[in-house]
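Asker: Compute the structure for the input listed below.
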Amino acid sequence: MRKTMRGAGISTAALACILMTGAAAQAAPADGHAEFAAKAANSDSDWGKSYNKCRNYVKVWQKSGKIKARGYMKCQKNVTILRPSAALSSYRKGKLQDYTHADPKGCNLGKTCWTNTVTMKAKKGLKYHATNSGDASTGVPGEGDIAWPTSSVARVWLTAK
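Answerer: Below is the predicted model:
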């Protein structure tokens, strides 16, 4: 194995870095966004189901007394417009306490798009619900871009500590 790696010009350290980078990339869509690369102590994330070869992702985390959420959309091919969304709400005993969402933002002609981070003050014991119900215009007639199925929505819950 070492002779093969040396012949290819790959050191053991370089191979370890490549393998570690690949594992981290599968865990969350980093794409240069540091808050997605490392898992916070109190955080969670989820993907929605694929629709028109695009998927929604949402991550929620607690940091410095705040609950933060961010949405991401990834498509297998270039699409005309990607419109991910990020909404964050808080609940106490099943009743809505507060709600906020990211300003509408879209990305033209691409495969990936991020929302701005939405933030709420963390209140211990409250449950926070983050969603990404984004959609995309694929540019293909007949592929609806307004009413995506609810299965494509990425949802995640987090209890503040």
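Asker: quick one, phi psi at the closest residue to residue 121 other than its chain neighbours?
Answerer: Nearest residue to residue 121, sequence neighbours excluded (C-beta to C-beta, 6 or more residues apart in numbering): residue 66, at 6.1 Å. (Each C-beta comes from the backbone N, C-alpha and C, glycine too.) With angles defined as degrees, to the nearest 10, residue 66 sits at phi -130, psi 150.
Asker: quick one: residue 66 from residue 42, how far?
Answerer: As judged by C-beta to C-beta, to the nearest Å, residue 66 and residue 42 stand 11 Å apart.
Asker: Could you do residue 86 as well?
Answerer: From residue 86 to residue 42 the distance is 18 Å (C-beta to C-beta).
Asker: For those two, indicate the residue with more neighbours.
Answerer: More neighbours surround residue 86 than the other of residue 86 and residue 42, with 29 against 15 (other C-beta atoms under 10 Å).
Asker: In contact with that one: list those residues for me.
Answerer: 58, 69-71, 101-102, 115-118, 130-132 (C-beta atoms under 8 Å, 6 or more residues apart in numbering).
Asker: Let me have those residues in a markdown table, extended by secondary structure and pLDDT.
Answerer: Output for those, formatted as a markdown table (DSSP: H, G, I helix; E, B strand; the rest coil; pLDDT from 0 to 100):
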| residue | secondary structure | pLDDT |
| --- | --- | --- |
| 58 | strand | 97 |
| 69 | strand | 97 |
| 70 | strand | 96 |
| 71 | strand | 96 |
| 101 | strand | 93 |
| 102 | coil | 90 |
| 115 | coil | 95 |
| 116 | coil | 94 |
| 117 | coil | 95 |
| 118 | strand | 96 |
| 130 | strand | 97 |
| 131 | strand | 97 |
| 132 | strand | 96 |
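Asker: Just the closest of the residues you listed to residue 50, please.
Answerer: residue 132 (13.6 Å; C-beta to C-beta).
Asker: Can you name the residues that contact that closest one?
Answerer: 48, 56-58, 71-73, 84-87, 115, 153-154.
Asker: What of residue 62?
Answerer: Listed by C-beta under 8 Å, 6+ apart, the contact set of residue 62 reads 40, 41, 42, 43, 68, 122, 158, 160, 161.
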